[in-house]
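J.: How does the following fold in three dimensions:
(one chain, ligands or ions: 3)
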Amino acid sequence: MDVRAAVAVQAGKPLEIMTVQLEGPRAGEVLVEVKATGICHTDEFTLSGADPEGIFPAILGHEGAGIVVDVGPGVTSLKKGDHVIPLYTPECRSCPSCLSRKTNLCTAIRATQGQGLMPDGTSRFSIGKDKIFHYMGCSTFANYTVLPEIALAKVNPDAPFDKICYIGCGVTTGIGAVINTAKVEIGATAIVFGLGGIGLNVIQGLRLAGADMIIGVDLNNDKKEWGTRFGMTHFVNPKEVDGDIVPYLVNMTKRGADQIGGADYTFDCTGNTKVMRQALEASHRGWGKSVVIGVAGAGQEISTRPFQLVTGRTWMGTAFGGARGRTDVPKIVDWYMEGKIEIDPMITHTMPLEDINKGFDLMHEGKSIRSVVIY
Ligand SMILES: NC(=O)c1ccc[n+]([C@@H]2O[C@H](COP(=O)([O-])OP(=O)(O)OC[C@H]3O[C@@H](n4cnc5c(N)ncnc54)[C@H](O)[C@@H]3O)[C@@H](O)[C@H]2O)c1
Ligand SMILES: [Zn+2]
Ligand SMILES: [Zn+2]
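T.: Ligands and ions are numbered 1, 2, ... in the order given. Predicted coordinates:
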């Protein structure tokens with residue numbers, strides 16, 4: 001069938017809107033009509049050429065929501081008409097990783113997904129004789145896409161596509177980092193570095209978990225109002241602090257008789273390796289946990305003095321907020337429908353597919369929290 005897509009023809013070039021061909025679903029696969037898709041920093045990372053694993057030409061996009069229109073042979077958990085969110089981290093429930101109960105990093109289709117292909121090693125997208133690669137197993141920058149059954153979460157059909165698409169990455173990553181990865185408890189202190197589309201969701205996750213002190217750190221003073229809106233209690237702009245930000249933050253979080261300071265939990269949502277170090281070192285001696293969420297550029301490394309770890313800090317990271325997609329994503333959609341979490345105010349811009357490059361421009365200019373393409 002013919003579908004409308006924004007194709008990443010080459011690194012560093014704007015997406016090109018064109019009609020491409022999509023083959024129907026094969027065994028274990030599902031054809032989805034994409035109704036809306038968010039534009040995430042990770043799409044931009046790949047499009048810019050900074051992603052060493054980027055493959056072109058490809059149909060990017062991994063933050064979608066849509067409706068099942070057809071299923072291939074052997075598909076049992078989904079049927080025509082179901083509302084779904086594509087999962088770039090699938091959940092097969094039978095690979096060693098899924099069975100371990102220790103990670104959400106399902107390995108069932110990992111190798112082919114990384115190559116921009118479906119699990120049988122082929123692509124469903126083409127233009128004329130040339131194949132176009134899939135991206136993160138999702139390719140939501142097309143109005144129809146094909147995914148493996150294990151990479152789709154079935155969600156509440158009353159939920160609006162143009163809002164819940166954000167649960168396909170940003171919302172789940174931020175809230176999941178708090179709940180699944182850090183396992184923040186009521187009354188905790190926390191510092192969030194970078195108050196963009198991810199960091200603001202970390203903040204609302206901290207509010208949901210009942211954290212007491214939620215410090216937001218950003219170079220952009222406009223983010224103070226944004227953070228406060230979702231539960232941040234204090235704001236720090238590193239440019240307005242004399243000297244090193246780490247002792248400043250440690251001092252802010254001093255509690256109890258020993259007056260040691262440092263937050264119980266810290267989160268990097270910038271992708272800057274220097275900030276990752278600051279986040280670790282601003283966590284509390286003896287028990288602080290620091291979670292890396294940001295994706296650093298190719299070849300970059302993190303460093304700290306081992307003493308920081310010897311004295312009881314834990315450095316950890318999270319992909320898709322540690323969420324098991326088919327199990328956890330429907331719950332997060334329900335939380336949104338019940339008003340436990342907010343999404344609407346974070347979607348600052350919407351546009352038709354034809355204007356998708358404007359969404360990338362808004363991201364570069366720091367003007368958007370989230371842009372959503374509505375088909
Ligand atoms: N781990 C995952 O599963 C996952 C999922 C999605 C996105 N990400 C990554 O998370 C990161 C954040 O994504 P986003 O969409 O929120 O980006 P964003 O650009 O919307 O937000 C980044 C924020 O960090 C601030 N910032 C930049 N440098 C800073 C510094 N030195 N100190 C303090 N603040 C600083 C910026 O002003 C901005 O507000 C990206 O690296 C993205 O690729 C990771
Ligand atoms: Zn993303
Ligand atoms: Zn698995």
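J.: Three-state assignment for the residue of the stretch 151-300 of the chain found nearest ligand 1, please.
T.: Residue nearest to ligand 1 within the stretch 151-300 of the chain (CB to the nearest ligand atom): Gly196, separated by 1.9 Å. Just so you know, the C-beta spots here come from the backbone N, C-alpha and C atoms, and that holds for glycine as well. Here Gly196 is recorded as coil under DSSP: H, G, I helix; E, B strand; the rest coil.
J.: What number of neighbouring residues does it come out with?
T.: Counted with other CB atoms under 10 Å, residues neighbouring Gly196 total 24.
J.: ok, now which ones touch it?
T.: Contact analysis of Gly196 by CB atoms under 8 Å, 6 or more residues apart in numbering lists 41, 223, 269, 369.
J.: Which members of these are positioned in helices?
T.: Among these, the members found in helices (DSSP state H) are 41, 223.
J.: Give me the subset of the contacts of Gly196 that also touch ligand 3.
T.: By CB under 5 Å from the ion, no member of the contacts of Gly196 lies near ligand 3.
J.: How about Arg285: what's its closest non-neighbour residue?
T.: Thr311 (5.2 Å; CB to CB, 6 or more residues apart in numbering).
J.: could you measure the residue of the stretch 151-300 of the chain found nearest ligand 3 against Phe230, distance?
T.: Closest to ligand 3 within the stretch 151-300 of the chain is Ala151: 10.5 Å, counting by CB to the ion. Computed with CB to CB, to the nearest Å, the distance linking Ala151 and Phe230 is 29 Å.
J.: out of these two, which sits in the more crowded spot?
T.: A count of neighbours by other CB under 10 Å puts Ala151 above the other of Ala151 and Phe230, at 27 against 23.
J.: ok, the more buried one touching Leu87?
T.: Yes. If you go by CB atoms under 8 Å, Ala151 and Leu87 touch, sitting 4.6 Å apart.
J.: Could you pull out the residues contacting both of these two?
T.: 137-138, 325.
J.: Check those residues for burial and list the buried ones.
T.: For these, a neighbour count by 16 or more other CB atoms under 10 Å gives the buried set as 137-138, 325.
J.: near ligand 1, which residues of the stretch 101-250 of the chain show up?
T.: Proximity of the stretch 101-250 of the chain to ligand 1, by CB under 6 Å from any ligand atom, involves residues 169, 173, 193-199, 217-220, 223, 238.
J.: Let's see that with 5 Å instead.
T.: Contact residues, the stretch 101-250 of the chain versus ligand 1 (CB under 5 Å from any ligand atom): 173, 194, 196-198, 218-220.
J.: Tell me which two of those residues sit farthest apart.
T.: Using CB to CB, the pair of these lying farthest apart is Thr173 and Leu219, separated by 21.0 Å.
J.: of these two, who's got more company?
T.: Thr173 (28 against 14).
J.: In contact with the more buried one, which residues are there?
T.: Contacts of Thr173 (CB under 8 Å, 6+ apart): 198, 201, 293, 318, 320-321.
J.: hang on, it in a strand?
T.: No. Per three-state DSSP, Thr173 lies outside any strand segment and is helix.
J.: Now it: closest residue in space that isn't a chain neighbour?
T.: Using CB to CB, 6+ apart, the closest residue to Thr173 is Gly321 (4.5 Å).
J.: What distance do you get for that neighbour to Pro52?
T.: For Gly321 relative to Pro52 (CB to CB), the value is 23 Å.
J.: For ligand 2, what is the nearest residue in the stretch 251-375 of the chain?
T.: Counting by CB to the ion, the stretch 251-375 of the chain gets nearest ligand 2 through Phe320, at 8.4 Å.
J.: burial of that residue, as a residue count?
T.: That count, for Phe320 with other CB under 10 Å as the rule, works out to 22.
J.: Quick check, it in contact with Asn104.
T.: Yes. Phe320 is in contact with Asn104 according to CB under 8 Å; the separation is 6.3 Å.
J.: Arg26: what's it in contact with?
T.: 72-73, 118, 120.
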